[in-house]
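In: Fold the following, please.
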Amino acid sequence: MEEPSSPDRTPVHDLVIVGAGPCGLSAAAAAAKAGLRYEILDMGCITSSLTHYPYYMTFFSTAERLEIGDVPFTIPEPRPTRQQALAYYRRVAEHHGIEVRQHHEVSAIHRCPDGFRLEVRHRDRSHGLAARAVVIATGGFGEPNYLDVAGGESGRILHYYKEPYPFHAQDVLVVGGANSAVESALEMHRNGVRVQMVHFNDVFDRGVKPWVRPDIENRIDKGEIPMHWGCRVVELTPGFVTLRHEATRQTRTLANDWVLAMTGWRPDRRLLESLGVTVDQDTGIPFHDPDTMETNVPGVFIAGVIAAGNNANKIFIENGREHGALIVEAIKR
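Out: Reported below is the predicted structural model:
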């Protein structure tokens, strides 16, 4: 039987999944199991966001809670490393025969009478895809929360951290109070980096891993990692960074080579907004039915961290992995 196609003869898929992170892969596995015609694309590689994590990162969640697609995540340790997770999710794709179109960027999605048409760029070529439904699973790492400070254009502000060695014997200021800030500061401190930290609050975030918190608190108490509570970065000058205490408005200047801004990320909602999906201005959460993950635009679904809006810690792999099954059931109905 001939496969349905759009007027320009592009085959029509039951759904196209934009984003091949763990939650997007979970949706693809559910679609494959249900026998649906689907495509899954990512502007980077499979689980691209995980490749940006520090090389030696250990997940907070246990391996069992990161499983998708009914594929066991079997490791000797209770909590997997970044490397183990990267290998596992690729094994899931192979197990289900999921062929991810890697390095395919969806530049636009248009509504049409029989569903949607997607404009896709792959390196120097463009092509189209047609689908009755689309799933946006692009995660919460669209772009970092930038530090808007004088001198920031110098190139000394970094938003990625992978390992300490490029910073050896240099002055690094880590900005933030969550896990990424704490763990990067500790690792650099132990590898010959002169580390200081600054956080606009007066305590670390509640989500800091319980086995890491005593370590960073001890380093601060002993003066090994100077901590500047209640302060913000206000200016970078050659060889220095200036902080301002929010309560007193007093400033202090520190020797500095690099500012590592572990200030969080925000999701890229441009595709959703271009389709007319309503986004709450306060929370950043796209309007959706939690039972089906369908937005206010019929046929447009969301999966994973993007459903959490501005609070990326609200949804992680262990609860976002359920979205794919809900979406596929809704499409089948």
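In: can you map out the helices along the protein?
Out: Using DSSP state H, the helices assigned to the chain run over residues 22-34, 48-51, 82-95, 179-189, 213-221, 270-274, 317-320, 323-332.
In: packing partners for the longest one?
Out: For helix 82-95, the packing partners by 3 or more CB pairs under 8 Å, 6 or more residues apart in numbering; DSSP states H and E come out as helix 22-34, helix 48-51. Backbone N, C-alpha and C define where each C-beta goes, glycine included.
In: Give the buried residues for that helix.
Out: Arg82, Gln84, Ala85, Leu86, Tyr88, Tyr89, Arg90, Val92, Ala93 (16 or more other CB atoms under 10 Å).
In: for the record, mean pLDDT for it?
Out: Taken as a whole, helix 82-95 has an average pLDDT of 95.
In: Okay, now the unreliable bits of the stretch 201-333 of the chain?
Out: Within the stretch 201-333 of the chain, the segments meeting pLDDT under 70 span 312-313, 315.
In: Now the phi/psi pair for the residue sitting nearest the centre point of the chain, please.
Out: Residue closest to the average C-alpha location in the chain (CA atoms, centre = their mean): Phe141, at 3.5 Å. Here is the backbone geometry of Phe141 (degrees, to the nearest 10): phi -110, psi 50.
In: Does His96 touch Ala32 like I think?
Out: Yes - checked against CB atoms under 8 Å, the pair His96 and Ala32 is within contact range at 4.9 Å.
In: got the contact list for stretch 149-160?
Out: 52, 144, 146-147, 233-237, 256-263 (CB atoms under 8 Å, 6 or more residues apart in numbering).
In: Pull out the buried members of those.
Out: Pro144, Leu147, Val233, Leu236, Asn256, Asp257, Trp258, Val259, Leu260, Ala261, Met262, Thr263.
In: In strands, which of those appear?
Out: Of the buried ones among the contacts of stretch 149-160, the ones assigned to strands by DSSP state E are Pro144, Val233, Leu236, Trp258, Val259, Leu260, Ala261.
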